[in-house]
Each structure stands twice: as C-alpha cells, then as structure tokens.
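Visitor: based on what follows, work out the 3D shape:
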Amino acid sequence: MTSTPVPWKILSSSATFNVLSEGWNLAEIEAGEEQTRSFSVEIVFDSPFLATPVVQLGISSFDIDQRDSARLTVLATQITESGFTAVISTWANTRVYAAGFNWFAIGA
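Guide: The predicted model follows:
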C-alpha cells in the first residue's frame, strides 16, 4: 500500500493593531480593575490548508505606557484550515496602545 505524498505548505504574515482598531480595550483601565483584558482578531489565510496547520505567533512590536510594567501576550486560538483567532492580552495596570506580531502557519 502506498500513499501519495502531500507537500508542506507554509504561510506567514504580520499584523499590527492599536487604539484606533475597533474594539481595542487594552489602553483603558477601570478603577481597581486588575483583570486580564484581551483584544481578539480573526486572521484569514490567503488559501486554506488541507488540514488544521500549526500556527506560531511572535511579538514584533508594542507601545506600552512607560509608567507601568510591560505585560503582553499573544496567542493563536480557534485554529482551522482557513485561519485562526489571534488574542492579544494584558493585565493589571498595564496600558497597551499598540501591539504587532508576526505569524506563520505550517501544514499540508
């Protein structure tokens, strides 16, 4: 029994979001609030994969208020053959005015 090999496919890009992005809530802090605040955005691949790929994100830039500690995470969630959701988060008293990340997806 033989199978036909499927070549690997790799897609990559970068994205930046900031206080002008609709729904951005990382620069505002409610009095006494120390909860995690997150901004989510859907990333759509230029062409879909045959199966769910592996997605890696890396922070490429950020603009954080200098009075506070720099707390920032980026995470890929809801990964499918056609895209994923990127979640940018901060917590405590950190104010994030902008964040950028690079991503790549690898699969078949």
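
Visitor: look up which helix or strand residue 15 falls in, please.
Guide: According to DSSP states H and E, residue 15 maps onto strand 9-18.

Visitor: I would like the residues contacting that strand, please.
Guide: 24, 39, 41, 43, 45-47, 49-50, 53, 60-61, 63, 86, 88, 97-108 (Cβ atoms under 8 Å, 6 or more residues apart in numbering). Where C-beta positions appear, they are placed from N, C-alpha and C, glycine not excepted.

Visitor: next one: stretch 47-65
Guide: With Cβ under 8 Å, 6+ apart, stretch 47-65 has contacts from 6, 9, 11, 14, 16, 18, 27, 70, 72, 74-76, 79-82, 84, 86, 94-108.

Visitor: which among these end up buried?
Guide: 11, 18, 27, 72, 74, 76, 79, 84, 86, 94-96, 98-101, 103, 105, 107 (16 or more other Cβ atoms under 10 Å).

Visitor: tell me which residues touch the residue nearest to the spatial centre of the chain, please.
Guide: Nearest to the mean C-alpha position of the chain, counting by Cα atoms, centre = their mean, stands residue 86 at 3.0 Å. Taking Cβ under 8 Å, 6+ apart, we find residue 86 in contact with 15, 40-43, 57, 74-77, 101, 103.

Visitor: the inter-axis angle of whatever helix or strand it lives in versus strand 9-18?
Guide: Per DSSP H and E, residue 86 falls inside strand 83-90. Between the axes of strand 83-90 and strand 9-18, defined by axes from the mean of the first three to the mean of the last three Cα atoms, to 10 degrees, the angle is 40 degrees.

Visitor: remind me which residues of this protein are low pLDDT?
Guide: 1, 31-33 (pLDDT under 70).

Visitor: strands of that one, start to end?
Guide: Taking DSSP state E to define them, one finds strands in the chain at 9-18, 37-44, 54-64, 73-80, 83-90, 96-107.

Visitor: what comes up buried for the second one?
Guide: Buried residues in strand 37-44, counting neighbours by 16+ other Cβ under 10 Å, are found at 37, 39, 43.

Visitor: nearest to residue 2, of those?
Guide: In terms of Cβ to Cβ, no member of the buried residues of strand 37-44 lies closer to residue 2 than residue 43, at 35.9 Å.
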